[in-house]
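# Below are the sequence and a predicted model for it; my questions follow.
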Amino acid sequence: MITPYFTPEDGAPAPLRAELSRRVRFEEVDPLGIVWHGRYASYFEDARVALTDRYGIGYLDLHEKGVVAPIRKFHVDYFRTLRFRETFTVEAVLHWTEATRLNMEFILRNEAREVTTTGYTVQLMLDADRNLLMLPPPFYREFLDRWRKGTLA
């Protein structure tokens, strides 16, 4: 049994998801043709940008509102290798929390839809002076309200 990275809160809305397809490029593999372990951070990032841009909470959206969200935690679990020219999907899953953080899970699947890699990141919300926000800023509170009501586009 795989332990979930984030425990759902009672009454929390379903996580938000975005998935994209990629193909392993030559520059991403080691001499054995296997994706180098450090590349997975950029795969996670591709999916994170796809999800957060869809909902208007991407890096630039936050920056325009005077908020930055650096990565506080980064975790990867490797199960199967990905190889040169192999196609795969990366799914980003944003888990609900009312805290000033983004709890994001990532799932990579190969062409056979087998899970090859999973992981998660935790981003904290800081103000422009790099102080930890104790409450979600108004724009993010509105986003959470729409998420809870199921009215996100």
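It's in. For clarity, every value in this text was computed on a predicted model and none was experimentally measured.

# Quote the end-to-end distance of stretch 145-153.
Stretch 145-153 has an end-to-end distance of 13 Å (Cα to Cα, to the nearest Å).

# So which residues make contact with it?
With Cβ atoms under 8 Å, 6 or more residues apart in numbering as the contact definition, stretch 145-153 has outside contacts at Pro13, Leu16, Tyr55, Trp96, Phe143. Any C-beta I mention is one placed from the backbone N, CA and C, and that applies to glycine too.

# Buried ones from these, can you make that a PyMOL selection?
The buried residues among the contacts of stretch 145-153 can be selected in PyMOL (16 or more other Cβ atoms under 10 Å) with this line:
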select buried, resi 16+55+96+143
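
# With secondary structure, pLDDT and distance to Glu64 as new columns, can the contacts of stretch 145-153 be given to me in TSV?
Below are the contacts of stretch 145-153 laid out as TSV (DSSP: H, G, I helix; E, B strand; the rest coil; pLDDT from 0 to 100; distance: Cβ to Cβ, whole Å):
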residue	secondary structure	pLDDT	distance to Glu64
Pro13	coil	96	25
Leu16	strand	97	20
Tyr55	coil	95	15
Trp96	coil	97	24
Phe143	helix	97	14
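
# Would you mind putting the contacts of stretch 145-153 into JSON lines with distance to Glu28 alongside?
Below are those laid out as JSON lines (distance: Cβ to Cβ, whole Å):
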{"residue": "Pro13", "distance to Glu28": "35"}
{"residue": "Leu16", "distance to Glu28": "27"}
{"residue": "Tyr55", "distance to Glu28": "28"}
{"residue": "Trp96", "distance to Glu28": "32"}
{"residue": "Phe143", "distance to Glu28": "33"}
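
# Closest one to Ile2 out of the contacts of stretch 145-153, please.
Using Cβ to Cβ, Trp96 comes nearest to Ile2 of the contacts of stretch 145-153, at 19.7 Å.

# secondary structure class for the closest residue in space to that closest one that isn't next to it in sequence?
Closest residue to Trp96 apart from its sequence neighbours, by Cβ to Cβ, 6 or more residues apart in numbering: Ala12 at 3.9 Å. For Ala12, the assignment made with DSSP: H, G, I helix; E, B strand; the rest coil gives coil.

# If we only consider the contacts of stretch 145-153, which is nearest to Leu133?
Closest approach to Leu133 among the contacts of stretch 145-153 (Cβ to Cβ): Phe143, at 14.0 Å.
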